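[1] below are the sequence and a predicted model; questions follow.
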There are 2 protein chains.
Amino acid sequence: MVKVAKDNSTEEKILEAARKIFVHKGMTGARMQEIADAAGINKAMLHYYFRNKEMLFETIFSQAAQKLFPQLNIIFESDLPLFEKIENFVQAYMDVMIENPYLPMFVLTEMHQNPERFYKKMKGEMNFPKPDKFLAQIEKEVKRGTIKRISPLQLLMNIISGTIFPFIAKPMFQMHIGLDELQFRQFITQRKKEYAGFVIDAIRK
Amino acid sequence: MVKVAKDNSTEEKILEAARKIFVHKGMTGARMQEIADAAGINKAMLHYYFRNKEMLFETIFSQAAQKLFPQLNIIFESDLPLFEKIENFVQAYMDVMIENPYLPMFVLTEMHQNPERFYKKMKGEMNFPKPDKFLAQIEKEVKRGTIKRISPLQLLMNIISGTIFPFIAKPMFQMHIGLDELQFRQFITQRKKEYAGFVIDAIRK
DNA sequence: ACTTTTGTTAACCATTTGGTTAAATTATAT
DNA sequence: ATATAATTTAACCAAATGGTTAACAAAAGT
């Protein structure tokens, strides 16, 4: 008997609820009962569909990581000229995070609190983008004299920092500056347009 | 009888151990027994010195926040010219984080996972730096035409992102790029020297 | 029709975990 | 010296928590 797709609404409900809870409270802060309640089902169902807490968490985490990491390939693998590549990356990555504002913090938290599990997961499942090509491209432009002298790694860090950090620091920033949800969204929209230009201005000769 | 300072080595041992555990595993991931073990004392001592887990955690968290947030005043309150201010901030803040590489992630995690507690804490105890002066200074330079047109908030975010994010992304970055501890430290040292210059190059006319 | 598989529930269980207590030990004051 | 206060420990406790079970209901196969 093949396990036919069935009405997967239950499994889907579980995943949705688990995502919500795990993303906000982390692996250790989440409670199975809470997830069950959020999904509107019996706690035993969680174990029926996903053996245990660990496995449920890993499912959620993998999905999250899959949304974030492969995007890095945009910057690493494409054949665009440097400036366009930067522009592309910032916009594409910010779009992902506009849709999933909590993902970056969720993934980073897990990475810090449980690096072993994280590494194992990554090595195995994730087709992990290698930045070599991008770094080489920067190096080349530096040597050509197209852009200012800068360490490729530093430039890469600058691009990624400015793209991701705003979503991580959102609560801190909102509190400090006193932005509400709408203002923050506007801030991000503006940033999506302008940040690549900022970086480019910094390296353009 | 006045509670005299006493040999506070026990209290100090507890705080040290608690810091280590909390910072790595977060509030919910930490175990009181684990902290006691790390401190080499009986678990009841934790409750003797700090009523309960919540209060022990808040002590640690407050100390951490106190190390990070007031530093922002460097950028907000000083009277230096803009470029020097940026240079100053980047260097001072990175020094703090070189000494306490796990603090930023710790504070951010708590902020995300328990914003209510965080806000309450901040409003009460922390003399929270207001960025108004710094933002006004940027605005002024823009109007004067000393620097390129840029939203003050965007520039502030750029400065902070590039300064803090490398410490948050350390594990991700190390894995991606394959840096060891030493190489990472060198990367940070270089960054401390160069990042302010990167920002300044981006806004200088 | 009826047998078998799949999905769901309520009740239960073992362990972990934060927290307490009462007694013992050490320091402090008189 | 001795009474008093502060510190420390081992044993204990109740609640929370992840996980299981056995019975039941709904689909699916024959």
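    Perfect, thanks for sending it.
[2] which residues touch stretch A:55-72?
    Here stretch A:55-72 makes contact (Cβ atoms under 8 Å, 6 or more residues apart in numbering or on different chains) with A:14-15, A:18-19, A:22-23, A:27, A:30, A:35, A:46, A:50, A:92-93, A:96, A:100, A:103-104, A:106-107, A:110, A:117, A:121-122, A:125-129, A:131. Using the backbone N, CA and C atoms, a C-beta is placed for each residue, glycine as well.
[3] now do the contacts for A:Ile138.
    If a contact means Cβ under 8 Å, 6+ apart, then A:Ile138 has A:82, A:147, A:150, A:152, A:155-156 as its contacts.
[4] which of those fall within helices?
    Among the contacts of A:Ile138, the members found in helices (DSSP state H) are A:82, A:152, A:155-156.
[5] what is the burial count for A:Ile86?
    25 (other Cβ atoms under 10 Å in any protein chain shown).
[6] tell me who's in contact with it.
    When contacts are taken as Cβ under 8 Å, 6+ apart, A:Ile86 is in contact with A:75, A:159, A:196, A:199-200.
[7] thinking again about what came up before, and which of the contacts of A:Ile138 is nearest to DNA strand D?
    Nearest to DNA strand D among those is A:Leu156, at 38.0 Å by Cβ to the nearest atom of the strand.
[8] of the ones in helices among the contacts of A:Ile138, closest to DNA strand C?
    Nearest to DNA strand C among these, with distances taken as Cβ to the nearest atom of the strand, is A:Leu156, at 38.9 Å.
[9] so that closest one versus B:Ile159, what's the distance?
    Separation of A:Leu156 from B:Ile159 (Cβ to Cβ, to the nearest Å): 18 Å.
[10] and A:Lys13, by the same measure?
    43 Å.
[11] same drill for those two, tell me which one is more crowded.
    When neighbours are counted by other Cβ under 10 Å, A:Lys13 and B:Ile159 differ, and B:Ile159 comes out ahead with 21 against 16.
[12] surely the more buried one and B:Phe89 touch.
    Yes. Here B:Ile159 reaches B:Phe89: they are 6.6 Å apart, a contact under Cβ atoms under 8 Å.
[13] Three-state assignment for A:Leu80, please.
    coil (DSSP: H, G, I helix; E, B strand; the rest coil).
[14] may I have the phi/psi pair for it?
    A:Leu80 adopts backbone torsions of phi -70, psi 160, taken as degrees, to the nearest 10.
[15] quick one: the helix ranked longest in chain A near chain B?
    Criterion DSSP H: the longest helix present in chain A is helix A:181-203. Yes. Under the criterion of Cβ under 8 Å from any Cβ of the partner chain, chain B is reached by helix A:181-203 at A:187, A:190-191, A:194-195, A:198-199, A:201-203.
[16] what comes up buried for that helix?
    By neighbour count with 16 or more other Cβ atoms under 10 Å in any protein chain shown, helix A:181-203 contains the buried residues A:184, A:187-188, A:191-192, A:194-200, A:202-203.
[17] tell me what that helix is packed against?
    Under the contact criterion of 3 or more Cβ pairs under 8 Å, 6 or more residues apart in numbering or on different chains; DSSP states H and E, helix A:181-203 touches helix A:82-99, helix A:152-168, helix B:152-168, helix B:181-203.
[18] check the offset of it from the chain's centre.
    Chain-centre distance of helix A:181-203: 18 Å, with Cα atoms, centre = their mean, to the nearest Å.
[19] likewise stretch A:143-162?
    Relative to its chain's centre, stretch A:143-162 lies at 22 Å (Cα atoms, centre = their mean).
[20] show residues contacting it.
    With contact meaning Cβ under 8 Å, 6+ apart, stretch A:143-162 is reached by A:75, A:82, A:86, A:89-90, A:131, A:134-136, A:138-139, A:141-142, A:191, A:195, A:198-199, A:202-205, B:157-158, B:161-162, B:165-166, B:169, B:173, B:177, B:187, B:190-191, B:194-195, B:198, B:201.
[21] among the buried residues of helix A:181-203, which are within reach of DNA strand D?
    With the criterion set as Cβ under 7 Å from any atom of the strand, no member of the buried residues of helix A:181-203 is near DNA strand D.
[22] export the residues you listed to JSON lines and tack on pLDDT?
    Formatted as JSON lines, the buried residues of helix A:181-203 follow (pLDDT from 0 to 100):
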{"residue": "A:Phe184", "pLDDT": "97"}
{"residue": "A:Phe187", "pLDDT": "98"}
{"residue": "A:Ile188", "pLDDT": "98"}
{"residue": "A:Arg191", "pLDDT": "98"}
{"residue": "A:Lys192", "pLDDT": "98"}
{"residue": "A:Glu194", "pLDDT": "98"}
{"residue": "A:Tyr195", "pLDDT": "98"}
{"residue": "A:Ala196", "pLDDT": "98"}
{"residue": "A:Gly197", "pLDDT": "98"}
{"residue": "A:Phe198", "pLDDT": "98"}
{"residue": "A:Val199", "pLDDT": "98"}
{"residue": "A:Ile200", "pLDDT": "98"}
{"residue": "A:Ala202", "pLDDT": "98"}
{"residue": "A:Ile203", "pLDDT": "98"}
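[23] phi, psi for A:Lys130 please.
    Main-chain torsions, A:Lys130, degrees, to the nearest 10: phi -100, psi 130.
[24] residues in contact with it?
    Contacts for A:Lys130 (Cβ under 8 Å, 6+ apart) come out as A:Phe76.
[25] quick one: pLDDT of it?
    For A:Lys130, the model assigns a pLDDT of 85.
[26] try the one 5 residues further on
    With respect to pLDDT, A:Leu135 scores 96.
[27] check whether the helix or strand hosting A:Met27 contacts DNA strand D.
    Using DSSP states H and E, A:Met27 sits in helix A:9-29. No. Using Cβ under 7 Å from any atom of the strand, helix A:9-29 stays clear of DNA strand D, with a minimum separation of 7.8 Å.
[28] next, the buried residues of that helix.
    In helix A:9-29, counting by 16+ other Cβ under 10 Å, buried: A:11, A:13-15, A:17-29.
[29] next one: stretch A:133-143
    Using 16+ other Cβ under 10 Å as the test for burial, stretch A:133-143 gives A:134-135, A:137-138, A:141-142.
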